Each structure stands twice: as structure tokens, then as C-alpha cells.
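# next come a sequence and a model predicted from it.
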Number of protein chains: 2
Amino acid sequence: MKIGFDAMGGDHAPVETVKGAIESLDDFEGDIVLYGDEQKIVSELAKYKFNTDRIEVVHTTEIITNDDKPVKAIKTKSDSSMVVGLKALRKGDIDAFVSAGNTGALLAGGLFKVGRIKGINRPALCTIYPTMGKASVLVDAGANAECKPRNLIEFAYMGSIYAERVLKLTKPRVALANIGAEETKGTQLYIETHALLKEADLNFVGNVEGRDIPAGKVDVIVADGFTGNIILKLTEGVAGTLIDGIKNAIVSSTKGKIGGVLIKKNLSVFKKQIDYTEYGGAPLLGVNGLVVKAHGSSNAKAFRNAIKYAKIGVETELVDEIKMKIAKLAPVIEIEDDNSAS
Amino acid sequence: MKIGFDAMGGDHAPVETVKGAIESLDDFEGDIVLYGDEQKIVSELAKYKFNTDRIEVVHTTEIITNDDKPVKAIKTKSDSSMVVGLKALRKGDIDAFVSAGNTGALLAGGLFKVGRIKGINRPALCTIYPTMGKASVLVDAGANAECKPRNLIEFAYMGSIYAERVLKLTKPRVALANIGAEETKGTQLYIETHALLKEADLNFVGNVEGRDIPAGKVDVIVADGFTGNIILKLTEGVAGTLIDGIKNAIVSSTKGKIGGVLIKKNLSVFKKQIDYTEYGGAPLLGVNGLVVKAHGSSNAKAFRNAIKYAKIGVETELVDEIKMKIAKLAPVIEIEDDNSAS
């Protein structure tokens, strides 16, 4: 197995990307191909001892930054670490490609350089949503702001397959993010999608309200990319603000400070449970190859985990499984799409 | 001043409603009119010492429950505490009406029994969003799942007026909930609304991402009712799950338990900062009278605060201010609506 990795992507590249790549060698038998500025990568690699046979460096001269316009960057920066890596994935030189670079560019690159799976209308970002001690899957986390019912149905199938294969869940509970439990709740998009999901070959458990999402009562949370992105970022925001607030409250008195020292270890165990770096990557499901988006602020640990999940995706033939399922469903989805198109 | 109060509304009525009403007598000079089952209310009132001149009971024979279909309930249960209270508001017998009953019914009742302000297309629920040590306003919190740009513009104006009048903020910072900072982010609805808000007579500060909402960087968060409701409930869900998780983590060891005792006081101060019961009520802005929705699970303290905020709304002539502002803007909004209609 060969996993391609964008060594120039993310806020802490190439220091943390290279470190993460080296650490991930302990997690699997395969090799890693690093795409990026060879000189910079080699000088980072020089810090570590590792089996040099297992790390390959492919030199690229350009970098896609967060300020770049996604589609334009993918079309013009043909020697960027991201584009070269995605092309290698398409050619089959690597089995998966992981990047923490410009999200929009990676989505565009997935579409234009790797291509969609036949039958899929819109690929989606499928992210891990950490709940109490377990992981749910949120799809779409932000690739498609504007969606039709057909898209949400595809997201549901792909998310369910991801939860089954990569998270090893049996009959994942699929739910539709919504503002109430009743099937008549929400916008027309959600009402139509609910009706279609009830007929789908999925373990559909109904709507899930914002209040119940963090409790981990469902395994796959289906939403349009606008709602999904708000869910993801708001969760990070509330958790971060709350933890900061609690910390400040604790250190505001001497007694509190002593108490804080005593609970420190417990809190760090807890923090690990809800830490996104434990999961690290969001696959772009629906493209014809395993493309994984890592968080822009990823550290080495997050990269290591992103590579680990990519490895599981390759081992469990995630992309092929989606292809097979969608091929079976394609005629059904097309009909549903015609019905729901307005 | 007379504030009407649905004594039968909410999970803990009439015990907590009556208790809240009694306690709120300390907060203002006016009177409270309780609508509901006289016998039940009187037997609750008997528990307290208070100036009997200041509490009036209007006997009603029906109750709208959470299982009732909103529009049907408003139309058929004409002797319910909610309908009788709303009619009294319309007639001017009371200056505001507070209820923790069926949300959909209260929205429908606001529309049918009190009526919209001329120029307003869709009234919206404007809720307090507690951030670190201060309050933001979220509008619409769930009254209108499906919105047009025109609606969001109205929400922005009404939310800004609420923040200015009731929360006493100067030039409230108005922001559009969205999935990125750039004005081209989000769905067509959000892109069009952003462009209109830039031209509005408001202190519009741009988009606010989910990550930044809980930090309190803005004062008025504008969203369609679907997104707003998800924001509100998800925030409750994340905060609740996180606090439970931290508690469990703390008590999982003896050392942690001792630490927990030491930080208890600090945490309770912190909890107060983010406690919705401190704010208690969400006005239904855009109807021609002050209708306030209290949380279904409100306790006496939450009711007391809902009444307190209703009182401030009456004192600051919130509804008249909205009327004046919308009258000035109506022609502008109508044109915008025509442009944006698809």
C-alpha cells in the first residue's frame, strides 16, 4: 500500500506533516509518498531515524495556499503538491491522498483531477463528529452548500458505508439533521429527503435534533453542506469556548486552582475523547479514489491519524464499496431526483 | 403596566408558572394577569404571601398541549389560556403576553390572534444566545424554516432593535450566520442577503462562522429559522454533553472528586453565565404586540426572567420602535423582495 501525502498542506507544513508521516510508519506496513518541496522535506526528514525505503519524496515546485481561488488554483498550479498528488491517485501510483491544504481546492481537485464515481451527483466531505467516547460521521461537512434531496440520499449511503467499513459499526444508525422529530419538520429539502430515506436500504432512524447530535445517539448525521458545516464549526466553537470558560472559572480562586490541579488528569482523558486530532481526516466521498482532507491546523498526531484512517479506507476497499452500492442504486436515485427536482 | 402570563404553559405548570409570577412582582411596579384554570392557580397562589391587588386571574377552561396541531389548536381551542391571553393582548387589556406553551401554537396565535406589523412578511423568534458573560441575540430561532432574503433583512432589523432596546447595546454588531467570512459563501439565500445587509441601515459586520458564534464577537446573529434552530439546540446539546462529560471525568477518581469539590463554586458562577434561565424568554418579533415565548422546561427563575425582559420590552416600547422602523423601510424591503424573488 502506498499513501500519498501533501507535505505542503496545512498551517504547520512541512514540520508537522513530515513528523506525522514518520510517526505513521508505525501504524502500517506500506509506504508513504510525500509531495512537495524536496529540499524542505528532506531537511525535515533529516531530523528522524526511519526506514528510508518506506518514504518517497516527489518534488513539486508550486503550493496552493488558502488565499488561492480553488478552481483556478487546480487548473493553473499544475506542479503543486496537491495537483501532482491527485494525479498520482488517479493513475493508481498511490492508493489514497491526504492533504490539509485549501479545502475548496481539494474538493475541486477531487472532481477535476480524480473524477466522480459514476452515478454520484455531488461528492461530499464526510467528517468524524466526536461524541462521548465514540465517533459519529457527519456528511456533508461543507462541500455542497446548496443541495437537492438526491444529494442527501447519496450522502446518507456513502456515510453509512464509511461508518460500516472504517468505523466498523454494524448497521450504522443514519439520521437526518433537522429541527424536530416529526417527518414534516424542516424545509422542503428535508421533508422530501426524509420521505426518501424512509424507503432507502439503510438503517434510517429518523430526524436528529441539534440537541441530540452531540450525545452520540446516531452514527451517521446527514445534512446539506451549509448545515453540516455550521454543525461542525459550532460544535468546535461551543466546546472551545466552554472549556476556556471553565478553565478561567477554575483559576479565578486559590481553592479553585488547587482543585484544578487535582482534576487535571481526568480532564485530559476526557479531552482525548472529544479531540478531533484523534480522528484527523475527512474523506471526500464520491470521487473515484480515496481523497482525505485533514484539518488545516493539524499537528503531527492529527496527520498520523488521518493517514491511519486513510489506510483503513484502502484496506476495506471503501471506494469500491461505494461504487458497487451506487451502481446498484443509480437507477433508483435518478428517478427520485426527477421526482424531486423543482 | 400589565403583563399577561399563560399559567398553564410549559412542563412545570402551574407550580413553576405561579411561583415565577409571584417572584417577578419584586422586579416591577405593574400587575400580572394569569390565564388558566382558576382553581389550580388559586391553590398555587395560596402558598405565597403577596399583594393580591397585583395578581389577577382570568379563568380559562382549555389547554393547548404540545401534542396539539398548532393552527388547529389556535382555531378551535378558543377558551384556552393561550388564545384568551393573546386576544387580551390584541385588545390592549395587557401590555405583553408570556407563554411557555406549544411553540408552534404561540407562533400561529401571534399571527392570527394578534396580527403582523404592517410591512413585516414573517415574524421571527428572537432568542438570547448566552455567550461568555454577555448576551447575543439569535433571530430567527425557529419560526420560519424556509426564508427569502427579505425575511432575513427583517430579522436583522428587528434583532438589532431588540439588542439596542432590551439589551441596552449601542450600535449592535449584526452578523449573518454563514460557513465562511467571504461574502460569496453559503447558499444563494445567504449570498443575496449578505449583499442586501451591506446596504442596510445597520451596523452589519459581515458573516459569522459557527466557530465564532459562542465567543460573543457579534451581538445579533441573523439566520433562517432552520439554521437558527439548529444553532440554538446544538449549542444546548454540546454544552450539556460537555458539562456532563466533565462531571463524569472528575468523579472517576478520588483525587478528581476532591478537586471537584474545590472547584464547585467557581463552576456554578460560570454556569450562571451561560444559563438560559437567566434570560428566559424569546419575543416573537414582528407581531403587533409583545408576545414572549418562554422555554418549555422553564422553572420559576426562568419565568421570572422572561417576565422581566417582557417588562423591559414594554418600557422601551419595543413593538412601536419596530413599527416605526419597518414603516420607514417598507418600500425598500418590498423592492428588495421583488428583486430577490425567484
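Sure thing, it's come through.
# list the contacts of whichever residue of the stretch 51-200 of chain A sits closest to chain B.
Here the stretch 51-200 of chain A gets closest to chain B at one residue, A:I179, 4.2 Å apart by C-beta to the nearest C-beta. Placement of C-beta: from N, CA and C, glycine included. Each residue near A:I179 by C-beta atoms under 8 Å, 6 or more residues apart in numbering or on different chains is listed here: A:185-186, A:209-210, B:142, B:145, B:225-226, B:229-230, B:233.
# and A:Y129, how many residues sit next to it?
Here the number of neighbours of A:Y129 (other C-beta atoms under 10 Å in any protein chain shown) works out to 24.
# so the residue nearest to A:V15 when sequence neighbours are not counted is in which element?
Distances taken as C-beta to C-beta, 6 or more residues apart in numbering or on different chains place A:E44 nearest to A:V15, at 6.2 Å, with adjacent residues excluded. Using DSSP states H and E, the element containing A:E44 is helix A:38-45.
# buried set for that helix?
For helix A:38-45, burial by neighbour count (16 or more other C-beta atoms under 10 Å in any protein chain shown) applies to A:38, A:41, A:44-45.
# quick check: mean pLDDT of that helix?
The predicted model gives helix A:38-45 an average pLDDT of 98.
# which is the next helix or strand following that helix?
strand A:55-59.
# what's that following strand packed up against?
In terms of contacts (3 or more C-beta pairs under 8 Å, 6 or more residues apart in numbering or on different chains; DSSP states H and E), strand A:55-59 is packed against strand A:31-36, helix A:38-45, helix A:81-91.
# which residues touch A:F303?
If you count contacts by C-beta under 8 Å, 6+ apart, A:F303 has them with A:5, A:10, A:16-17, A:19-21, A:23-24, A:98, A:100, A:280, A:294.
# what about it, which helix or strand?
Using DSSP H and E, A:F303 falls within helix A:300-315.
# same check on A:T193?
Assigned by DSSP H and E, A:T193 belongs to helix A:188-199.
# does chain B have contacts with that helix?
Yes: Helix A:188-199 reaches chain B (C-beta under 8 Å from any C-beta of the partner chain) through A:188, A:190.
# C-terminal to that helix, what's the next element?
Counting by DSSP H and E, what follows helix A:188-199 is strand A:204-209.
# separation between A:G110 and A:Y309?
Look at A:G110 and A:Y309: by C-beta to C-beta, to the nearest Å, they are 17 Å apart.
# now A:G119
The gap separating A:G119 from A:Y309 is 24 Å, by C-beta to C-beta.
# now A:L86
18 Å.
# between those two, tell me which one has more neighbours.
Neighbour totals were compared for A:L86 and A:Y309, and A:L86 leads with 30 against 25 (other C-beta under 10 Å).
# hmm, that one is touching A:G115, no?
No: using C-beta atoms under 8 Å, A:L86 makes no contact with A:G115, being 10.0 Å away.
# and the residue nearest the centre of chain A?
A:A282 (0.8 Å; C-alpha atoms, centre = their mean).
# pairing partners for A:V33 in the sheet, please.
Per DSSP bridges, the residues bridged to A:V33 are A:G4, A:E56.
# give me every residue that touches the closest residue to A:V174 other than its chain neighbours.
Distances taken as C-beta to C-beta, 6+ apart place A:V220 nearest to A:V174, at 4.4 Å, with adjacent residues excluded. By C-beta under 8 Å, 6+ apart, the contact set of A:V220 is A:136-137, A:139, A:156, A:159-160, A:162-163, A:172-175.
# now render the residues you listed as JSON lines, adding pLDDT, neighbour count and secondary structure.
Shown next, in JSON lines, are those (pLDDT from 0 to 100; neighbours: other C-beta atoms under 10 Å in any protein chain shown; DSSP: H, G, I helix; E, B strand; the rest coil):
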{"residue": "A:S136", "pLDDT": "92", "neighbour count": "26", "secondary structure": "strand"}
{"residue": "A:V137", "pLDDT": "95", "neighbour count": "31", "secondary structure": "strand"}
{"residue": "A:V139", "pLDDT": "97", "neighbour count": "31", "secondary structure": "strand"}
{"residue": "A:A156", "pLDDT": "97", "neighbour count": "24", "secondary structure": "helix"}
{"residue": "A:G159", "pLDDT": "97", "neighbour count": "26", "secondary structure": "helix"}
{"residue": "A:S160", "pLDDT": "97", "neighbour count": "26", "secondary structure": "helix"}
{"residue": "A:Y162", "pLDDT": "96", "neighbour count": "28", "secondary structure": "helix"}
{"residue": "A:A163", "pLDDT": "95", "neighbour count": "26", "secondary structure": "helix"}
{"residue": "A:P172", "pLDDT": "97", "neighbour count": "22", "secondary structure": "coil"}
{"residue": "A:R173", "pLDDT": "97", "neighbour count": "19", "secondary structure": "coil"}
{"residue": "A:V174", "pLDDT": "98", "neighbour count": "26", "secondary structure": "strand"}
{"residue": "A:A175", "pLDDT": "98", "neighbour count": "25", "secondary structure": "strand"}
